[in-house]
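K.L.:
have a look; sequence and predicted model below, questions after that.
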Amino acid sequence: EVQLVESGGHLVQPGGSLRLSCAASGFTFSDHYMDWVRQAPGKGLEWVGRIRDKAKGSTTQYAASVEGRFTISRDDSRNSVYLQMNSLNTEDTAVYYCARGFWSGDIVYYGDYWGQGALVAVSS
Amino acid sequence: DIQLTQSPSFLSASVGDRVTITCRASQGISRRLAWYQQKPGKAPDLLIYAASTLQGGVPSRFSGGGSGTEFTLTISSLQPEDFATYYCQQFGGYPLTFGGGTRVEIQ
């Protein structure tokens, strides 16, 4: 059974840092891109970023709103993907989801499996 | 960035109704679009990718269409479990972007 389990959500002060983890099981993690998506309270979905698989150099892409502050990494030996969040501000308050990517033709979509979400609250 | 405009943003309908949601892209994205359903307090569920490919396990009353800049999600006969918020997302270029969502409520 495929599972994605996020951890690390917490209350943090503005300007602080936090690292979220997403532990995967039930599939060959190293073969998949992984994405992060967030949802602020009462708002819509916002794509945060993605990390490609090792075969594609584990390269990353980010939304403009987090570029330079957030870093996505992966450890295939631990079947885990991470979201390092620095210089947090109140607008980063959201539930953060990790999701598995999959190929269809020449495009990698995501979301056939999702984590349960991790709440990050940025407040003084 | 590629902008996605969903319409309507809110839809009130009855069980059994046929419902269509539209998603318009600010530039052509071929068929590189997905649709997600989200219920309150839950992670989204993937419904459709590549504009019209139904994700496994999704009921056949859901269908997607379109290409280029205009796309549709149709529910042929609305069921009680379909009352939720629906989002489109484009995969035509980075950053990946979502539409603003369409909330479907019981009339």
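P.N.:
Sure, I can see it. Given the structure is predicted, the values throughout are model-derived calculations rather than measurements. Numbers count the residues shown, from 1 in each chain, chains lettered A, B, ... in the order given.

K.L.:
just to check, residue B:46 is in contact with residue A:101?
P.N.:
No - the criterion here is Cβ atoms under 8 Å, and residue B:46 misses it with residue A:101 at 11.1 Å. Where you see a C-beta, it was placed from the backbone N, CA and C, and this is true even at glycine.

K.L.:
give me the more crowded residue out of these two.
P.N.:
residue B:46 (24 against 20; other Cβ atoms under 10 Å in any protein chain shown).

K.L.:
hmm, back to that, mutual contacts of residue B:46 and residue A:101, please.
P.N.:
A:109, A:110 (Cβ atoms under 8 Å, 6 or more residues apart in numbering or on different chains).

K.L.:
helix, strand or coil for the closest residue to residue A:75 other than its chain neighbours?
P.N.:
Closest residue to residue A:75 apart from its sequence neighbours, by Cβ to Cβ, 6 or more residues apart in numbering or on different chains: residue A:82 at 7.5 Å. Under DSSP: H, G, I helix; E, B strand; the rest coil, residue A:82 falls in the strand class.

K.L.:
now do the contacts for residue A:82.
P.N.:
Counting by Cβ under 8 Å, 6+ apart, residue A:82 makes contact with A:19, A:20, A:21, A:22, A:72, A:73, A:74, A:75.

K.L.:
residue A:37 pairs with what?
P.N.:
Note on residue A:37: beta-bridge partners residue A:47, residue A:97, judged by DSSP bridges.

K.L.:
please tell me I have it right and it contacts residue A:97.
P.N.:
Yes - using Cβ under 8 Å, residue A:37 is in contact with residue A:97, at 4.8 Å.

K.L.:
which of those two has more neighbours?
P.N.:
Neighbours were counted for residue A:37 and for residue A:97 using other Cβ under 10 Å; residue A:37 has more, 29 against 24.

K.L.:
picking up where we left off before, of the contacts of residue A:82, closest to residue B:91?
P.N.:
Checking those against residue B:91 with Cβ to Cβ, the nearest one is residue A:72 at 17.5 Å.

K.L.:
who are the contact partners of that closest one?
P.N.:
Per Cβ under 8 Å, 6+ apart, neighbours of residue A:72: A:34, A:36, A:48, A:49, A:50, A:51, A:60, A:62, A:81, A:82, A:83, A:84.

K.L.:
TSV for those, including pLDDT and distance to residue B:82?
P.N.:
Shown next, in TSV, are the contacts of residue A:72 (pLDDT from 0 to 100; distance: Cβ to Cβ, whole Å):
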residue	pLDDT	distance to residue B:82
A:34	98	29
A:36	98	27
A:48	98	27
A:49	98	30
A:50	98	29
A:51	98	33
A:60	98	35
A:62	98	33
A:81	98	31
A:82	98	35
A:83	98	31
A:84	98	38
